[in-house]
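Student: Sequence first, then the predicted structure, then my questions.
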Amino acid sequence: MSKLITLHEFIMDRQSDFPFATGELSRLLNDISIASKIVNKDVSRAGLMENILGSQGKTNVQGEEQQKLDVIADNAFINIFKAGGEVCGIASEENDDFMPFTSELSKNGKYVVLFDPLDGSSNIDVNVSIGTIFSIYRRKSEIGTEATIDDMLQPGEKQVAAGYVLYGSSTMLVYTTGNGVNGFTLDPSIGEFCLSHPNMKMPEEGRIYSVNEGNINICDSGIKRYIEDFCQKTLPKAMRPYSGRYIGSLVADFHRNLIKGGIYIYPKTTTNPEGKLRLLYECNPLAFIAEQAGGKATDGFQPVLSIKPKSLHQRIGYFVGSKKMMEQAMSYMK
């Protein structure tokens, strides 16, 4: 049996990938793994603990009802980032504004982190896979000062690292630093993430499309034609080239398509003309991972990673998945 490679060992071995870094990014990635273990523990006990299951009774800046675990996960990551000293500020789905850290240690941090602490949290009560999504940038503001909004509003192509943690039948951490994509599974017997999916590649083609077809009549007509032509709803199921699989938890849908090949579509609609998913802490990090794994990500017309953010909670239409399936879908949007 080959020796298990832990996430910490893997990160330390890859430090040479970052000639500009002096260890802070490695420590930050390790901090994220620690915070995700804390969240995983609470997620795995959610059905047993009344104080962490259900609604918080408040809405976030998105107008979405906060779950208790949303707030618990948000606090777990923020506390880890504050204590580590590598991060000068954060932006999170659960907070109205970005949060500059004010300690002298944090002011010297070289990075900012934008994250969705618990994606798919509406599925918590029914035990569906949920996740954490994170995006890391080098700060633009002067070291030794507090983080600014300009540190947060950077295009996705400026990311130095991005990833997600999937809390499912097993807990996985998948990340990229621009040198390929690697996946780690949490081994509960030793409490460590171990390399389980090295050099992940998204198949160029797949048989899965993920879209909320309840919205199909309020989507762009190109999307309707794409679904009709390639999913061929009029054919018997056994003869259809694609199969519909929609979990409703972005991380879970994306992870399945990363492994098996597929396309995920959450387009603009007449009721959400700007789109629904958040550019900075959902679309950008998963687009970075997709492209590093050989896939593509667009807003329907332009690469997601090239979009210059205008606001912290900006929403966009989102298409991400296998290269050839994406090219087919984009030809319909033209």
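Tutor: Looks like it came in fine. Since the model is a prediction, treat every value here as computed from it, not as a measurement.
Student: wait, is residue 286 part of a helix?
Tutor: Yes. Checked against DSSP: H, G, I helix; E, B strand; the rest coil, residue 286 lies within a helix.
Student: So what's the residue count around it?
Tutor: Residue 286: 30 surrounding residues under other CB atoms under 10 Å. C-beta: built from backbone N, CA, C; applies to glycine.
Student: Now the closest residue to it other than its chain neighbours: which helix or strand?
Tutor: Take residue 286 and drop its neighbours on the chain: the residue closest to it by CB to CB, 6 or more residues apart in numbering is residue 254, 5.4 Å away. Assigned by DSSP states H and E, residue 254 belongs to helix 250-260.
Student: Next up, the contacts around residue 275.
Tutor: By CB atoms under 8 Å, 6 or more residues apart in numbering, the residues touching residue 275 are 266-268, 299, 315-318.
Student: re earlier: show me what secondary structure element comes after the helix holding residue 254.
Tutor: With DSSP H and E, the next secondary element past helix 250-260 is strand 263-266.
Student: before we move on, the earlier item: from the chain's centre, how far out does the helix holding residue 254 sit?
Tutor: Helix 250-260 sits 11 Å away from the centroid of its parent chain (CA atoms, centre = their mean, to the nearest Å).
Student: three-state assignment of residue 141?
Tutor: On the three-state scheme (three-state DSSP), residue 141 is labelled coil.
Student: Could you report the neighbour count for it?
Tutor: Residue 141: 17 neighbours (other CB under 10 Å).
Student: That one against residue 150, yeah?
Tutor: Yes. Between residue 141 and residue 150 there is a contact under CB atoms under 8 Å: 6.7 Å.
Student: quick one on the thing from earlier: residues contacting the helix holding residue 254, please?
Tutor: Contacts for helix 250-260 (CB under 8 Å, 6+ apart): 119-120, 128-133, 164-166, 168, 172, 174, 181, 200, 202-203, 206-208, 210, 245-247, 262-264, 266, 277, 282, 286, 289-290, 293, 295, 320-322.
Student: Sort out which of these are in strands and list them.
Tutor: Counting by DSSP state E, the part of the contacts of helix 250-260 found in strands is 119, 130-133, 164-166, 172, 174, 181, 208, 210, 263-264, 266, 277, 320-321.
Student: count of residues packed around residue 310?
Tutor: 8.
Student: does it sit in a helix, a strand or a coil?
Tutor: On the three-state scheme (three-state DSSP), residue 310 is labelled coil.
Student: could I have stretch 135-147 exported to CSV, CA atoms only?
Tutor: C-alpha atoms of stretch 135-147 as CSV (Å, rounded to 0.1, in the frame of the first residue of the first chain):
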residue,chain,number,x,y,z
SER,A,135,-10.9,32.6,-3.7
ILE,A,136,-7.5,34.1,-2.8
TYR,A,137,-5.9,37.2,-4.2
ARG,A,138,-2.7,39.1,-3.5
ARG,A,139,-3.7,42.5,-2.0
LYS,A,140,-3.3,45.7,-4.1
SER,A,141,-3.2,48.1,-1.1
GLU,A,142,0.0,48.9,0.7
ILE,A,143,1.2,46.3,3.2
GLY,A,144,0.9,47.6,6.7
THR,A,145,-2.4,49.3,6.0
GLU,A,146,-6.0,48.1,6.2
ALA,A,147,-7.5,46.3,3.2
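Student: How about residues contacting it?
Tutor: Applying CB under 8 Å, 6+ apart, the contact partners of stretch 135-147 are 25, 28, 88-89, 98, 100-102, 107-115, 148, 150-152, 154, 156, 158-162, 280-281, 284-285, 288.
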